[in-house]
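A.B. asks: could you work out the structure for the sequence below:
(2 chains)
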Amino acid sequence: MRQFFSVQHLCLLVTVLSSAITVADESSVKYFDRHVAPLLAQRCLSCHSGDEAKGRLNLTTQKTALRGGESGATIHPGMLNESLLWQYVESDEMPPKKPLSAPEKNILKNWITNGAVWGTEIIDPFRFSTDERAGTDWWSLQPLKPSVPPTSPNSGWGKNPIDAFVDARRSVAGLHPAPEADRRTLIRRLSFDLLGLPPTPAMINEFLEDTSDSAYEHLTDRLLNSAHYGERWARHWLDIVRFGESNGFEYDQPRDNAWHYRNWVINALNDDMPYTEFVQLQLAGDVLFPNDRQAAAATGFLVAGPHNTTLPANDNMRMTMQQEELEELAGIVGQTFLGLTVNCARCHDHKFDPISQKEYYQFAATLTGVTHGERNLKVKLSPEQLLRTQKITERSAAIRAQVEAIERPVIETIIRERNHGTAPTTLPPTPYAAWNFDGNFNDTSGDLHATASGNAKIEDGCLVVNGNNQYAATTPINIALHEKTLEAWVKLDSLSQRGGGVISIQKMDGTVFDAIVFGEREPQRWMAGSNSFVRTQSFQATEESAAAERFVQIAIVYQADGTIIGYRDGQPYGQAYRPGNLQSYEAGTSQIIFGMRHSPAGGNRMLAGRIQRARLYNKALSAAEVQGSAAAADINYVSRSQLLAQLTPAQRSTLEQLNIETKALETELAAINASQTVSMYACVSTKPGITRLLLRGDVANATEELSPGGLSALAGGSPNFGLERDSADADRRTKLANWITHEDNPLFTRVIVNRLWHYHFGHGLVKTPSDFGFNGGLPSHPELLDWLAQYLKANDYRLKPLHRIIVTSATYRQASRFNAQAAAIDASNQFLWRKSPVRMEAEELRDAILVATNQLDETVGGIGYRDVRHYNFKGSNFYESITEPADKKLRRTIYRFSPRGGSNPFLNTFDCPDPSATTPDRASTTTPLQALSLMNNDLIFDMSDKFAERVKRSAGDNASQQIKLVYEIAYGRPASDGEIKVSTDFVEQHGLPSFCRVILNSNEFLYVR
Amino acid sequence: MHPTTSRRDFLDFCGNSLTGTALASLLLRDKIATADSVPGAAMGVPHLPAKARRVIHLCLFGGVSQIDSFDYKPELAAFHGKSLQSEERPATFFNQIGLIRKNDWEFKQRGNSGLWISDLFPHLAEVADELTVIRSMVADSANHTPATFEENSGFRLNGFPVMGSWISYGLGCETDNLPGYVVLPDARGLPAGGSINWSNGFLPAQHQGVTFQTKGPIIHDLFPSRSVTSEHETASRNLLSHLNRSHLHAAGTDDSMSARMKSYELAAKMQLAVPMVSELNQETAATRNMYGLNNEDTTDFGSRCLLSRRLLEQGVRFVQLYSGGSFGSPRINWDGHEDMKRNHSREALRLDQPVAALLKDLRQRGMLDDTLVLCTTEFGRTPFTQSGAENIGAGRDHNMYGFSIWMAGAGLKHGISYGSTDDIGWKTVEKPVHWHDYHATVLHLLGIDHERLTYYHNGIQRRLTNVHGEVVHEILA
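C.D. replies: Numbering: from 1, shown residues only, chains lettered A, B, ... in the order given. Model prediction:
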């Protein structure tokens, strides 16, 4: 691929040579700009420019050039031999690796001799490409060139313009096209390519029987219209955007709702959404269409990568982690849509492409409002649902009144008798918010209502949480909280649990919190939990022994001076301590959560137990007040069993009936509410901070403030977005999306058409699909690349017309048979003298096996399936591979839940990529581990049985009939007599399932030709 | 689901199911891993004369305290109970800077070399003359997972190939019967992140770490998940081979299809080699006891050390052993935030005797001459405790500024220490060694110029050492 480079470079050199000969006015500014500046830029500036110029000689400006460097003045205008520059150049000491040619030296000689007149003030070191780096003149950055298909040298060969381009280039290389492949090969190839699935015998017959001239074109249309097309091509896209469904890093929490993005990609491709829109929605769907579920799902792109939730207490460390994730995201955006490795300019100007460090930070600034998180999107209820909700609410209120009417007099009697006829005297302090979990999650003293997550339930007047994923959380607290008290009555499922939170006040993202926590650092003890333990110390109290048997009151008081005091059942709990200053929570930034130490849910943060009542006070209660609260609760507390004992059998029976009805209503209401909310892992838009350029990428070296912007090297929209430094996230990402998808951005279209070509042929016209910069490949067919890009634009940026013209070309329809002569000239087949055969990708292989065995569940969309056992061990999440069930149909592999720490060994072995690494070009390896997997895996044995059952059902007990059918299904062709004979012997001796197992392992099954 | 099968069954199974030719070459160190099948060869590997041919990497998870193990600081006792006299707020994980605490284990000079090693590792102290200690390590993160990723891959993010993968990529494997890069996790659990820790990243799949499991089949899908008679298996393989030959004839020559046919023969050899190499009972009782297999505390790490030696003998290129599982409480790794004495005593007990035995065993078999043993931890621990500002706590927090690792074996100066930290063992002050330098040095010992072992990925010829790394020549023999 480098050979193209030398051709191009030669052209540049020729330009320089010819211009040297046609010097018109040697002392003019024009001469400098046309001849001297390009020469300096190409041969000198890679070392002699910028702040870190070698020998302190900076040749980009007149001033610094004349001033010279460490060795003194470099240029003496008019005095050639006195000029250091000339001495170094003439003696070939500079440039060090490759001295200047005689004509090049002449340019400098003429220039200095004639007074060294400077032209344009600053020479942009990025202006020209050199041997070592790309300049803004780099091929891929130039506008698309109008491209007319050449006349085909093999007259008569070819079906559309693509063939003319390919044929012309191939002829130059001295190669000839292969004949068209036979029809069975074509349909198998096309079906795998477009759908990722083998054709069924019925599809094959339909195609073979269609004798019309356009049979193949009709087949193409049928396949492109299949919903399986989106599944196949979404898989390619997910490789590029490194889509994974867990956070990675230490905790590796699952992202249970990340699948919306996967389905969005599938649907968008099936709908043939214009590529411009496809990209805009992924970058900014949530801000372009704020209430649109699909647009929100599209932003799953922005949060598809790894994300570290193990946050150190140290600020610099946290900021460094943020910068690293930002670099990763900026890199993915740049590589995916522009084929530019923007990320390489984080610590210094890009070493190979014309992207400055400053531009990196401007580009990255467009993405600093992107935050990982779960979004709950509201969907409107139907009129029927609304009516039903109203009915349920009314009925529930009536039931509550009826229950109250039965219970209240009895309770009052019990309390009165307990207090010898007097009313309770101890008045509890007034809370800011109180939750009694009396049939709902509401705040009974205000409007800080909570909602349940993970199906946390209310039972017998308690919030019940399971220690796994259940908790309740309130809306944001509308007041600022400084000194405060948290209080709860709680009963634990077990005293051995470690780390669960009872009640916690936290910032909405869970990064700062104060909580009542059980057993985290010391077993069986309560503690004041806090982020990174900054306000946590041991109360040095005795072990909790009662909380699994009965409810205990726990209160933690946070005083204004930072002192933290614990109470249990109204009595001081161990020693108070002062870890530092009080943590305040600004109005609107925090919330209360129950049953969880802090968000996100999962790990050892979750409590298993029951919370009967909870209180938040916006003041530090005194010891007497805490005691009063405990006593009041105690005095007023009537247990369920006490109450039941005092009721008549008729009353008990009524209550029981009402209880059953209530539960049914609650279930129904929960279902309606659940249908109203869609949770998805997507981009959560936050207010971006101001971006500053970081010297050497170091957060401790922040310098100038920058506005969000694009890259100046690219043709198309202006890199100046006209945004303020503190502009909103919505504006930043909208501008970015528009700039990237600008109709004059040449990379935007070149990159996507090349990706399509890459997947259809196994290699792109540019062999590095995500890198169109200096280190990437040069196009093997540049005119074809631009023609395809224009074809995409002419077709409204829709991908299906592009697929269609590619796969209906004669180039694509060539046979794959090996040709030694051609291979000697072009082993990698870049000039397309045949269609290269390919081994199925991991997902195709599993899917093809499921189709062959009739075990494929063809459902499109939905949540997907899991082939891992997820467990949490000491706060980290693990995903152990498990055997897939053999007794039901299985989903396509794209629907596999893909946690980063839990790869599937079978798929991995067949080069299914690590979901943490962007993979624009999968490897296709051949290893003994693949052989072991495909011979020995559970799935293979199970599927061989299913395959055999299926065949027996249709073909009966006759071995040769069975074998014929196996060949039809697995290979898409009839078996020859010789093959039937060999196979019959085997089937008779070892059975049909074993035969199927061999077939599923065979090359003919695994390769698509 | 997977039937456990005795070794005899394995042998029956494999012996009968292999073709005569494959059987004949079984366990012979045949030369199929030819130069042109190893990607590194195309890059001119070896670039340098190789001192080491294979590597064992002991990966101590959680952060081992340098001042309690290899970095002797006689003055630390004088600072005991004093506060850290520094303007700077150290970047630790929990940001709780307590008072300085002296080492909890006494140091002595060991062996002929007089290398300082504490009583934390009494057995290892006996082989002090084999060790090359670097006491001036520096890392870029004091957060476990990014730090561990950096230790193994040179980058702090997910998705980059680890050193074992790079070495497998550069040098291939000396045998076709076993994977090039084998991982032996702690019996108490996988390190946090699971398979992320031995990812091939963007390198081809054959370079990923293959875990040898203690439960179920030793490696995934090594044997049929159902019981299959050997006769049956032979017939199946023969039929497969017949089908593939006919197909190749019809489709025309194709390297990748031929390679796939070959891979089934190699798979059959692997089925014999893997159980054989894992059969620790073939070792003498003396050897087994030396590795501590007769003792509950040491049997896990001891078995894995012994297995490592056997894997290397059979031509595996890189074996990685983990000491420690995931984080969180109660601890099952070296992360001594709460109580250093309890934590480090327990962890050291598990590996001290086995590792010393491994070094002795490799030496007595002559293997240490061309084997590299690496013992690393993602960062060290702070000389001040993790506690209130006025307390001497019992635990220590993460310290990325200065910590110790050791190497042993091929091409190294033995019984030396290199570099130093300040008086209290907190920050490196002399001859800092970054992970990139360490990686460059390991590759150098294997005959690889770290700047020339590259793989193109998205715009960059990627290296294990990113754009950094200097070989630490002073520790080389």
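A.B. asks: can you pull up the most central residue in chain A?
C.D. replies: Central residue of chain A (CA atoms, centre = their mean): A:A304, 1.0 Å from the mean position.
A.B. asks: wait, it sits on A:F243?
C.D. replies: Yes - with contact defined as CB atoms under 8 Å, A:A304 reaches A:F243; the gap is 4.4 Å. For the C-beta atoms, the positions are set from N, CA and C on the backbone; glycine is no exception.
A.B. asks: overlap of the contact sets of those two?
C.D. replies: Common neighbours of A:A304 and A:F243 (criterion: CB atoms under 8 Å, 6 or more residues apart in numbering or on different chains): A:A258, A:Y261.
A.B. asks: show me which residues of the stretch 701-850 of chain A are close to chain B?
C.D. replies: Residues of the stretch 701-850 of chain A found near chain B (CB under 8 Å from any CB of the partner chain) are A:768, A:770-771, A:773, A:775-776, A:816-820, A:837, A:839.
A.B. asks: which among those residues gets closest to A:E90?
C.D. replies: A:N775 (33.4 Å; CB to CB).
A.B. asks: neighbours of the closest one, how many?
C.D. replies: A:N775 has 19 neighbours, counted by other CB atoms under 10 Å in any protein chain shown.
A.B. asks: ok, for the residue of the stretch 701-850 of chain A found nearest chain B, nearest residue in space, not its chain neighbours?
C.D. replies: Distances between the stretch 701-850 of chain A and chain B by CB to the nearest CB are smallest at A:F818, namely 3.5 Å. Of all residues not flanking A:F818 in the chain, B:G252 sits nearest, at 3.5 Å (CB to CB, 6 or more residues apart in numbering or on different chains).
A.B. asks: which residues touch the one you found?
C.D. replies: Going by CB under 8 Å, 6+ apart, B:G252 touches A:R817, A:F818, A:N819.
A.B. asks: include pLDDT, secondary structure and distance to A:F539 when you put the residues you listed into a markdown table, please.
C.D. replies: As requested, these are exported to a markdown table (pLDDT from 0 to 100; DSSP: H, G, I helix; E, B strand; the rest coil; distance: CB to CB, whole Å):
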| residue | pLDDT | secondary structure | distance to A:F539 |
| --- | --- | --- | --- |
| A:R817 | 89 | coil | 79 |
| A:F818 | 88 | coil | 77 |
| A:N819 | 89 | coil | 81 |
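A.B. asks: among these, which one lies nearest to A:Y558?
C.D. replies: Taking CB to CB as the measure, A:Y558 lies nearest A:F818 of the contacts of B:G252, at 76.7 Å.
A.B. asks: thought A:N819 was touching A:W833?
C.D. replies: Yes - A:N819 is within contact range of A:W833, at 6.6 Å (criterion: CB under 8 Å).
A.B. asks: those two - which one has more neighbours?
C.D. replies: For A:N819 versus A:W833, neighbours defined as other CB under 10 Å are more numerous around A:W833 (23 against 17).
A.B. asks: now do the same contact list for that one.
C.D. replies: A:W833 touches A:R170, A:L175, A:H176, A:P177, A:A178, A:Q814, A:N819, A:A822, A:D826, counting by CB under 8 Å, 6+ apart.
A.B. asks: in chain A, where is pLDDT below threshold?
C.D. replies: A:1-28, A:121, A:152-155, A:419-427, A:634-635, A:637 (pLDDT under 70).
A.B. asks: break it down into its domains, please.
C.D. replies: A:2-131, A:231-350+A:360-371+A:693-798, A:430-620, A:938-1008 (automatic domain parsing).
A.B. asks: nearest to B:W166, out of the ones you listed?
C.D. replies: Judged by CB to CB, the one of these that comes nearest to B:W166 is domain A:231-350+A:360-371+A:693-798, at 19.4 Å.
A.B. asks: could you dump the contacts of A:W833 into a markdown table and include secondary structure?
C.D. replies: Converted to a markdown table, those look like this (DSSP: H, G, I helix; E, B strand; the rest coil):
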| residue | secondary structure |
| --- | --- |
| A:R170 | helix |
| A:L175 | coil |
| A:H176 | coil |
| A:P177 | coil |
| A:A178 | coil |
| A:Q814 | strand |
| A:N819 | coil |
| A:A822 | helix |
| A:D826 | coil |
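A.B. asks: name the residue most distant from the centre of chain B?
C.D. replies: B:A250 (46.1 Å).
A.B. asks: wait, a helix at it?
C.D. replies: Yes - the assignment for B:A250 by three-state DSSP puts it in a helix.
A.B. asks: against A:A822, how distant is it?
C.D. replies: Look at B:A250 and A:A822: by CB to CB, to the nearest Å, they are 19 Å apart.
A.B. asks: now the helices for the stretch 1-150 of chain B?
C.D. replies: B:7-17, B:20-24, B:39-42, B:76-79, B:122-126, B:144-153 (DSSP state H, counting those that start in this stretch).
A.B. asks: packing partners for the last one?
C.D. replies: Looking back up the chat, that one is helix B:144-153. In terms of contacts (3 or more CB pairs under 8 Å, 6 or more residues apart in numbering or on different chains; DSSP states H and E), helix B:144-153 is packed against strand B:54-60, helix B:163-171.
A.B. asks: in CSV: the ones you listed, plus mean pLDDT, distance to A:P161 and mean neighbour count.
C.D. replies: Listed next are those as CSV, based on pLDDT from 0 to 100; distance: least, CB to CB, whole Å; neighbours: other CB atoms under 10 Å in any protein chain shown:
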stretch, mean pLDDT, distance to A:P161, mean neighbour count
strand B:54-60, 97, 55, 25
helix B:163-171, 93, 41, 28
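A.B. asks: any chance of the ones you listed in TSV, with distance to A:L643 too?
C.D. replies: TSV is the format used below for the helices and strands packed on helix B:144-153 (distance: least, CB to CB, whole Å):
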stretch	distance to A:L643
strand B:54-60	59
helix B:163-171	66
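A.B. asks: residue 368: how many residues sit nearby?
C.D. replies: As the question left the chain open, I've gone with chain A. 21.
A.B. asks: was after chain B, sorry
C.D. replies: For B:L368, using other CB under 10 Å, the count is 22.
A.B. asks: touching, it and B:L362? I think so.
C.D. replies: Yes - B:L368 lies in contact with B:L362 (CB under 8 Å); the separation is 4.2 Å.
A.B. asks: domain assignment for chain B?
C.D. replies: In the recorded assignment (automatic domain parsing), chain B comprises B:1-27+B:226-271, B:49-215+B:279-475.
A.B. asks: report the longest helix in chain A, please.
C.D. replies: helix A:383-418 (DSSP state H).
A.B. asks: give me the buried positions along that one.
C.D. replies: By 16 or more other CB atoms under 10 Å in any protein chain shown, the buried positions in helix A:383-418 come out as A:T389, A:I392, A:S396, A:I399, A:V403, A:I406, A:E407, A:V410, A:I411, A:I414, A:I415.
A.B. asks: A:D137: which of these is nearest?
C.D. replies: Nearest to A:D137 among those: A:T389, at 64.9 Å, using CB to CB.
A.B. asks: what sits against that closest one?
C.D. replies: A:L381, A:L669, A:I672.
A.B. asks: burial count for the residue lying closest to B:D339 once chain neighbours are set aside?
C.D. replies: Leaving aside its sequence neighbours, B:D339 sits nearest to B:A394 (CB to CB, 6+ apart; 4.5 Å). By the criterion of other CB under 10 Å, B:A394 has 19 neighbours.
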